[in-house]
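Asker: This is the structure alone, sequence omitted:
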């Protein structure tokens, strides 16, 4: 697995009376934290990349290819949501296996890959458990294991650790950092936590009123040279 570049070129989208227009370039294997006030368009931006929303105009490019008209299943993207998207009636192994085959028609190689992904995310021996038998952090680890078996070059994280306590959230961020170091996927991560962005992201894209108002390296965004609106947002 290696990363893929992402480019949103004059992407126009309307949500009710709210008009959004996104321009953003993300280099291959970069980690970008997407930050901004509630309702500014952070999740919408991720959904446009994933294909859950379609732009009225403009183009969404991944690895130099226009994917604007492609459905989510045909885009080289994996996404982890705040609610982890696990099926309560399926085991841990089956939930991970959905990343390889939606019909769960899995061969021996698939099962081997699932076991390796679960071991890598700290879930070895828990293949037969149901989501209700797991902690919140373990459920998010299942979602990350599913990312590994999907082996896509782009990973979208929509506040997946927001409901976790500080210590567990830091643990999950370290896991994402380690997986990125091993696989080099491009990561877009929506977060409201400046500490999370500071700890993980190479760059920060700041969203205001449906637009990317600033995008710079993390050190700059957490310095006196940051835009005043961003400093006001993080309370600096």
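Answerer: Received, thanks. Note that this is a predicted model, so its numbers are computed, not measured.
Asker: where exactly do the strands run in the protein?
Answerer: 6-15, 18-26, 31-35, 57-62, 65-66, 77-80, 154-158, 186-190, 203-208, 211-217 (DSSP state E).
Asker: Name the residues of the fourth one that come out as buried.
Answerer: Put plainly, it is strand 57-62. 58, 60-62 (16 or more other Cβ atoms under 10 Å). Placement of C-beta: from N, CA and C, glycine included.
Asker: If you tally nearby residues, what's the number for residue 146?
Answerer: 25 (other Cβ atoms under 10 Å).
Asker: ok, it to residue 208 distance?
Answerer: 33 Å (Cβ to Cβ, to the nearest Å).
Asker: One more: residue 167?
Answerer: For residue 167, the distance to residue 208 - Cβ to Cβ - is 31 Å.
Asker: When these two are compared, which one has more neighbours?
Answerer: Of the pair residue 167 and residue 208, residue 208 is the one with more neighbours under other Cβ under 10 Å, namely 16 against 8.
Asker: Help me confirm that the more buried one comes into contact with residue 229.
Answerer: Yes: judged on Cβ atoms under 8 Å, residue 208 makes contact with residue 229 at a distance of 6.2 Å.
Asker: Which secondary structure elements does the biggest helix by length in the chain sit against?
Answerer: The longest helix of the chain (DSSP state H) is helix 166-183. Helices and strands touching helix 166-183, by 3 or more Cβ pairs under 8 Å, 6 or more residues apart in numbering; DSSP states H and E, are helix 136-150, strand 186-190, helix 194-200.
Asker: And the last one, what's buried?
Answerer: Judged by neighbour count using 16+ other Cβ under 10 Å, the buried positions of helix 194-200 are 194, 196-197, 199-200.
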